[in-house]
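Visitor: need a structure here:
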Amino acid sequence: MDFSAVNWLAVVAAAIVAWLFGAAWYMSLSKAWLKAAKLDPATMKKSPLPFVVSFIAELVMATIMALVVGAMTGGEPTWLAGLVFGFVLWLGFVATTLSVNHRYENFGWDLTLIDGGHWLGVLLIIGAVIGWFGAAAT
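Guide: Residues are numbered from 1 along each chain as shown. Down below sits the predicted model:
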């Protein structure tokens, strides 16, 4: 893997925008998500750690997306290619994994739709930003 081809500004920008999207997504769906996840806000431990972990995960996702989109487009990514790869990666890995895990964990499809929608948005945003910024300056 050629990490020198990664546009690191695009990776950071994509992670920030994706993280902000996640904040807005879960703030707007917080009551439905808490119900679907079978969580009681009164008993939940409050910690910034999940927010930090989310951002780090999105940095990793953006880095991988930059490598995949760059390699698959011959080093000339576009926002449309980023969207397509974001969707395909979501469908192939995220949607399937959430569907399986939530069934074993005895959660309903409502949680899968909320979480799956979030990760679809994240991967579409990351892909579009990576493609829009393009390849790293050489």
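Visitor: gap between the residue lying farthest from the centre of the chain and Ala32?
Guide: Going by C-alpha atoms, centre = their mean, the residue of the chain most distant from its centre is Ala42, 28.0 Å out. Applying C-beta to C-beta, to the nearest Å, the value for Ala42 to Ala32 is 18 Å. From N, CA and C alone the C-beta is placed, and that goes for glycine too.
Visitor: and if you look at Leu124?
Guide: According to C-beta to C-beta, Leu124 stands 21 Å off from Ala32.
Visitor: Likewise for His102?
Guide: Per C-beta to C-beta, His102 is found 15 Å from Ala32.
Visitor: out of those two, which sits in the more crowded spot?
Guide: Set His102 next to Ala32 and count neighbours by other C-beta atoms under 10 Å: His102 wins out with 20 against 14.
Visitor: How about the more buried one, nearest residue that isn't a chain neighbour?
Guide: Among residues not flanking His102 along the chain, Thr112 sits closest, at 4.7 Å (C-beta to C-beta, 6 or more residues apart in numbering).
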